[in-house]
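1. Build me a model:
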Amino acid sequence: MRTIRLLALIALAACGGGAAGDDDDDGQGDAAATDAATTDAAVTDDATSDDAALTDAPLTDAAVTDAVVTDAPLTDAPLTDAPTGVITGGPCLSGAPGATGYRIRWANGGGTAYPVYEVNGLPDRSRDRAGAYGYQIGFTPQYVDTALAQGGLLLNASSFVDLELTTVGIAQISAARLSIYGRSYNTTASGSFNWQTFEGIGASPTNLVSNVAPYAWYTANMTTEISPGDDGVLIRIKAGPSSGSLAVNRIELCLQAQ
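-> Residues are numbered from 1 along each chain as shown. Sure thing, here's the model as predicted:
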């Protein structure tokens, strides 16, 4: 009988020990699971941090937008080169305001002066002729003054210059200036020049043109002697007082027109 009870106690003790061990293992297993979940939560936070960083990254591209804005001034560049008015001959060599409508230079052909057409900035170039003429038969334009300066056409009481142009394509002329480049061809007196058109006559101030080298530009206002929209403009130029004699290297017509 004692033997049976002893065996029963041993069996009961064995069962109780196993149950206690299982409880401890289960507790440790649950804690490990809890830690694993915590580890996963950390991974989730890492992912969240990475996503946040990726979301903020495109903000650094905002500077690219500013770079495009700094290029905006390039659109202003063509405005600098935009033509002013209808006269396309560029700035006047004489320094007169406006643009070059017409300019010729006199060249030396073995002592004979002949015109070289430098600029025609008028809208209509169908009429374009310049020449020196005399009042006597057999007149020959002379090229003089090569010792002291560049030299030019001798314009005196026996000769004149004609410029044949057209102002077709011009609606309004607000200012017109006629200039010569040269000097008075007289050792004792300054000179001047005058002109005549179908619109009227005009003249520079008396003794405007110095008789001293080097050559210089001399300009006079001829606005009232030239009209817009005229297909037969004729400008006749002569030497004036006091000397009545000029050495003319260039002649220029400068216009402010629309």
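
2. so what's residue 254 bridging to?
-> With DSSP bridges applied, residue 254 shows beta-bridge pairing to residue 100, residue 177.

3. who's in contact with it?
-> The contact partners of residue 254, by C-beta atoms under 8 Å, 6 or more residues apart in numbering, come to 92, 94, 96-101, 176-177, 179, 219. (C-beta placed from N, C-alpha, C; glycine too.)

4. For PyMOL, write the select line for the buried members of those.
-> The following PyMOL line selects those of the contacts of residue 254 that are buried, judged by 16 or more other C-beta atoms under 10 Å:
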select buried, resi 92+94+96+98+99+100+101+176+177+179+219
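
5. Pick out whichever of the contacts of residue 254 sits closest to residue 239.
-> The shortest approach to residue 239 among these belongs to residue 179, at 14.7 Å (C-beta to C-beta).

6. these two touch, right, that closest one and residue 251?
-> Yes. Shown here, residue 179 and residue 251 form a contact pair, counting by C-beta atoms under 8 Å, at 7.3 Å.

7. sorry, back to before: I'd like the contacts of residue 254 as a markdown table, with pLDDT and distance to residue 121 appended.
-> As requested, the contacts of residue 254 are arranged in a markdown table below (pLDDT from 0 to 100; distance: C-beta to C-beta, whole Å):
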| residue | pLDDT | distance to residue 121 |
| --- | --- | --- |
| 92 | 98 | 10 |
| 94 | 98 | 14 |
| 96 | 98 | 13 |
| 97 | 97 | 14 |
| 98 | 97 | 10 |
| 99 | 98 | 6 |
| 100 | 98 | 5 |
| 101 | 98 | 5 |
| 176 | 98 | 13 |
| 177 | 98 | 14 |
| 179 | 98 | 14 |
| 219 | 98 | 17 |
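
8. from the contacts of residue 254, which single one is nearest residue 142?
-> So of the contacts of residue 254, ranked by how close each gets to residue 142 (C-beta to C-beta), first place is residue 179, at 21.6 Å.

9. Spit out the contact partners of the closest residue to that closest one other than its chain neighbours.
-> Of all residues not flanking residue 179 in the chain, residue 94 sits nearest, at 3.8 Å (C-beta to C-beta, 6 or more residues apart in numbering). Residues near residue 94 by C-beta under 8 Å, 6+ apart: 177, 179, 181, 217, 219, 252, 254.

10. Pull the most distant pair out of those residues.
-> Spanning the widest gap among the contacts of residue 94 are 177 and 181, at 13.2 Å by C-beta to C-beta.

11. tell me the domain boundaries of this structure?
-> If you go by automatic domain parsing, the domain ranges for the chain are 2-78, 99-257.

12. By mean pLDDT, show me the worst of these.
-> When the domains of the chain are ranked by mean pLDDT, domain 2-78 comes last with a mean of 39.

13. need the helices for the chain, in chain order.
-> Assigned by DSSP state H, the chain shows helices spanning 2-56, 62-70, 77-80.

14. so who does residue 223 touch?
-> Applying C-beta under 8 Å, 6+ apart to residue 223 gives the contacts 173-177.

15. how close does residue 234 sit to residue 191?
-> Distance of residue 234 to residue 191, given as C-beta to C-beta, to the nearest Å: 23 Å.
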